[in-house]
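Novice: Quick one, structure for this:
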Amino acid sequence: MPASGTPPLPPSWPFTGREEELELVRRSLTAGRPGVVVTGPAGCGRTRLALEAVRGTDCARVAGTPESRGIAFAAFAHLLPEGVTLHRAVRLLTATRLLVVDDAHLLDDASAALVHQLAVQGRTRLLVLVADDVPAPGAVTRLWTGELLPRLPLGPLAREDTAHLLTTAAGVPLEPLTLDRLHRLSRGDLRLLRHLLDALREHGLLTRVPDTGEWRWRGPVPPAPALRDHAAPALTRTRADERETLDRLAFAEPLPLPADALDLHVLERLEADGLIHADDDATVRLAHPLHGPMLRAAAGRLRARRLTGGRAPRPPALDAESAALAGAIDRLDVCATPAPVGEWLVAEGEPVPAAYAAVRARFARLRGELRDAAAWAREGLASAPDDTACLHELTLAQAQSGAPTDVPQAAHGSQDPYAAYDAVRLGAPERATGALPPGSVLARHAEALARGDGPALDQVAQELEERGLLLFAAEAHAQAVRAHRDPRAARTARTRAVALARRCQGAARTPALAGLVLGQLTARQRQILTLAAAGLSNRQIAERLTLSVRTVSNHLYSAYTRLGASDRGALPWLTEPPQPRSA
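Specialist: Numbering: from 1, shown residues only. Alright, predicted model coming up:
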């Protein structure tokens, strides 16, 4: 049972983050199509995707298992009589219109040959699921290498999709830094993600954040059995020299160790088994982020004390991280930059210096990660409640996300190189004349906006996106919408602005994004779209406006076409103006 005060978890997880892949699979299974092979690493959600794709359809299902790989037609035992030949098996399954083959990499040779022959025959549509990190029978791999079926590779679940899934699955809002930590530990592996959340629930490690009502996790990873199973490749090493090396790396985290401080022969064996990663700077770290916590949890007290004593001091590394982040901000390039020491402090529940927290918050805010920015600012304020830089970042993050704020606006020095750029974002480029670095992307943004040059604004937006400045890129595309004379170019800019705004945490709300396109619609379309954005169904809208459901659907379709949107998920970014705050 979960500990008292811990939020309950639902019995099943929602399907999320694979909408485009789901549509591709469904299209591959329509009449006249041969089917599709879906590949991906363990835990990427192949089976769940298949179940969603065939939900409500008449299909047969088979699956390979490790235990039955030596038994002919074992996967098809429930569909075929004993002693069947390959030729007869193909004939018997001809009437099956849709066949789902799960874990096809574990099929016995006869079952693999049968699946291949069904693909050659072409009368049975096939949905074949294969792990791409283990060997598969040749008859299975020839399904796509021989171009019998198209292949859809699945990668790990993206960070944004992981955050949405976790928040939905937990049933309560999770604090952004907790979401980030869970994503790093799981690497998009959905099974591991669920095991982590289950372990936090069972051990009562989720606690409520008083100021926000969110739930957060601080402290070590609980050594739950399911998590130890995921770390078994490291925990079960029996050679003393290999285990000593793994433990030294685990207790050195979050920093790596110099390769020349370890036995190179041992490192080569561990690298061959995928347990360590050698960096370009001749340092070594554990390959999977879960292995370190599990190795530390398995160590006895005396061993842990000995290995902890050899850990390099963290303050110099934290200062180096802060300097690297500040340098990236000054270069107007905030693409993802590793900063593991700060993340370690947060994860372990140790105080985060306010100066570091402010830089980390600013870096996240410029990337459009508004909820992360607010969370980092709060970490700094926890140890220094009056820190002006953290107060400033928290205020800006809340304002730009449209969230209510009771934090007083802190004074901030004019040395901020982005301060003059705010005038450009607010639509007054003339106020930034001469105040922006000459030739910089910020100055070119001001010049393009002053000229009302839509194509130039789109070019600026593209460069801002390449530099990781997603919120600014969304705003530049939004400004291009109003500057373009070509309606098609305006629609393209609008679509890009919406897509980038959706990638900014907290649904970015700034003056440039306010009411992005409602002026392009009829009064009735604006009315219906606003209700749809509020969450009303087509039938509810029809009842409220005394219209037919079909009329509502037609208006929405026309509005979507003008907006360049494909579903209701984009509507809040298109329709909701921000509160009148300083951005």
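Novice: Domains in the protein, by residue range?
Specialist: Taking automatic domain parsing as the domain assignment, the ranges for the chain are 19-153, 159-227, 231-309, 315-400, 421-508, 518-575.
Novice: So which of these is nearest residue 13?
Specialist: With C-beta to C-beta as the criterion, residue 13 lies closest to domain 159-227 of those, at 4.7 Å. To be clear about C-beta, it is placed using only N, CA and C from the backbone, and glycine gets the same treatment.
Novice: As a quick check, tell me the outermost residue of the protein.
Specialist: Outermost residue of the chain with respect to the C-alpha centroid, by C-alpha atoms, centre = their mean, is residue 83; its distance is 48.1 Å.
Novice: ok now do it, which residues does it touch?
Specialist: Residue 83 makes contact with no residue under the criterion C-beta atoms under 8 Å, 6 or more residues apart in numbering.
Novice: Go through stretch 282-302 and flag the buried ones.
Specialist: Buried residues in stretch 282-302, counting neighbours by 16 or more other C-beta atoms under 10 Å, are found at 283-299.
Novice: meant to ask about stretch 72-83
Specialist: By neighbour count with 16+ other C-beta under 10 Å, stretch 72-83 contains the buried residues 72, 73, 74, 75, 76, 79, 80.
Novice: Out of these, which two sit at the greatest distance?
Specialist: Taking C-beta to C-beta as the measure, the buried residues of stretch 72-83 span a maximum distance of 13.7 Å, between 72 and 79.
Novice: Where do the helices of the stretch 451-583 of the chain begin and end?
Specialist: Secondary structure of the stretch 451-583 of the chain (DSSP state H, counting those that start in this stretch): helices at 454-466, 470-483, 487-503, 523-533, 538-545, 549-563, 571-575.
Novice: Next: the stretch 101-250 of the chain.
Specialist: Residue ranges of the helices in the stretch 101-250 of the chain, as given by DSSP H, counting those that start in this stretch, are 109-121, 138-145, 159-170, 176-186, 190-202, 225-230, 232-235, 240-252.
Novice: Need the pLDDT of residue 502.
Specialist: Reported pLDDT at residue 502 in the predicted model: 76.
Novice: What separation do you get for it and residue 320?
Specialist: For residue 502, the distance to residue 320 (C-beta to C-beta, to the nearest Å) stands at 34 Å.
Novice: These two: which is more packed in?
Specialist: Neighbours per residue, other C-beta atoms under 10 Å: of residue 502 and residue 320, the larger number sits with residue 502, 18 against 12.
Novice: So that one versus residue 491, what's the distance?
Specialist: Residue 502 sits 17 Å away from residue 491, going by C-beta to C-beta.
Novice: How about the contacts made by the most centrally placed residue in the chain?
Specialist: With distances taken as C-alpha atoms, centre = their mean, the residue of the chain nearest its centroid is residue 159 (1.5 Å). By C-beta under 8 Å, 6+ apart, the contact list for residue 159 reads 180, 183.
Novice: can we see that at 6 Å?
Specialist: By C-beta atoms under 6 Å, 6 or more residues apart in numbering, the contact set of residue 159 is residue 183.
Novice: related to what we said a few turns ago, minimum distance to residue 512: which of the helices of the stretch 101-250 of the chain has it?
Specialist: The stretch from the helices of the stretch 101-250 of the chain with the least distance to residue 512 (C-beta to C-beta) is helix 159-170; that distance is 21.6 Å.
Novice: got the CA coordinates for that closest one in CSV?
Specialist: Output in CSV follows, covering the C-alpha atoms of helix 159-170 (Å, rounded to 0.1, in the frame of the first residue of the first chain):
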residue,chain,number,x,y,z
ARG,A,159,11.0,14.7,-22.8
GLU,A,160,7.8,16.7,-23.5
ASP,A,161,5.8,13.5,-24.0
THR,A,162,7.3,11.9,-20.9
ALA,A,163,6.3,14.9,-18.8
HIS,A,164,2.7,14.8,-20.1
LEU,A,165,2.5,11.1,-19.6
LEU,A,166,3.9,11.2,-16.0
THR,A,167,1.5,14.1,-15.0
THR,A,168,-1.5,12.3,-16.4
ALA,A,169,-0.4,8.9,-15.0
ALA,A,170,0.3,10.3,-11.5
